[in-house]
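>>> what's the 3D shape of this:
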Amino acid sequence: MTNTVKKEIKVGGNKFTLEIYPAREGCNGVEGPYFEIFAHDYNASLYAFSNKDKINKIIKEKHLQ
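Presented below is the predicted three-dimensional model:
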């Protein structure tokens with residue numbers, strides 16, 4: 001996708017790559033924006049698994065506005 005935004009973020013001392021995909025027109029009207037995070041190492045993966053809700057809240061508040 002050409003409109004995908006990639007950012008390097010740090011949460012809880014762990015590094016992640018954040019990819020934000022733009023909102024799109026879907027069957028139910030406008031859907032999105034959507035995002036995915038990719039951990040940089042094993043410890044970041046464990047942190048993300050244990051703190052999924054916290055990370056989602058931070059991303060929605062700081063990066064999806």
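
>>> tell me the strands in this protein, going along the chain?
Under the criterion DSSP state E, strands of the chain are mapped to 5-11, 14-21, 24-26, 29-31, 34-39.

>>> what packs against the second one?
If I follow you right, that is strand 14-21. strand 5-11, strand 34-39, helix 42-50 (3 or more Cβ pairs under 8 Å, 6 or more residues apart in numbering; DSSP states H and E). C-betas here are computed from N, CA, C, even on glycine.

>>> about what we covered before: right, and the strands of the chain - which one's nearest residue 53?
strand 5-11 (12.1 Å; Cβ to Cβ).

>>> residue 37 is in contact with residue 48, isn't it?
Yes: with contact defined as Cβ atoms under 8 Å, residue 37 reaches residue 48; the gap is 6.5 Å.

>>> shared neighbours of these two, anything?
Jointly contacting residue 37 and residue 48 under the rule Cβ atoms under 8 Å, 6 or more residues apart in numbering are 16, 55.

>>> what is the burial count for residue 11?
Neighbourhood size, residue 11 [other Cβ atoms under 10 Å]: 18.

>>> hang on, the earlier thing: go through the helices and strands packed on strand 14-21 and name the closest to residue 23.
Going by Cβ to Cβ, the one of the helices and strands packed on strand 14-21 nearest residue 23 is strand 34-39, 8.3 Å.

>>> list of residues touching that closest one?
By Cβ under 8 Å, 6+ apart, strand 34-39 touches 9, 14-21, 45, 47-48, 55, 59, 63-64.

>>> same thing but 7 Å
Here strand 34-39 makes contact (Cβ atoms under 7 Å, 6 or more residues apart in numbering) with 16, 17, 18, 19, 20, 21, 45, 48, 55, 59, 64.

>>> next one: stretch 18-25
1, 3-7, 9, 30-37, 59, 63-64.

>>> are any of those residues buried, and which?
35, 37, 59 (16 or more other Cβ atoms under 10 Å).
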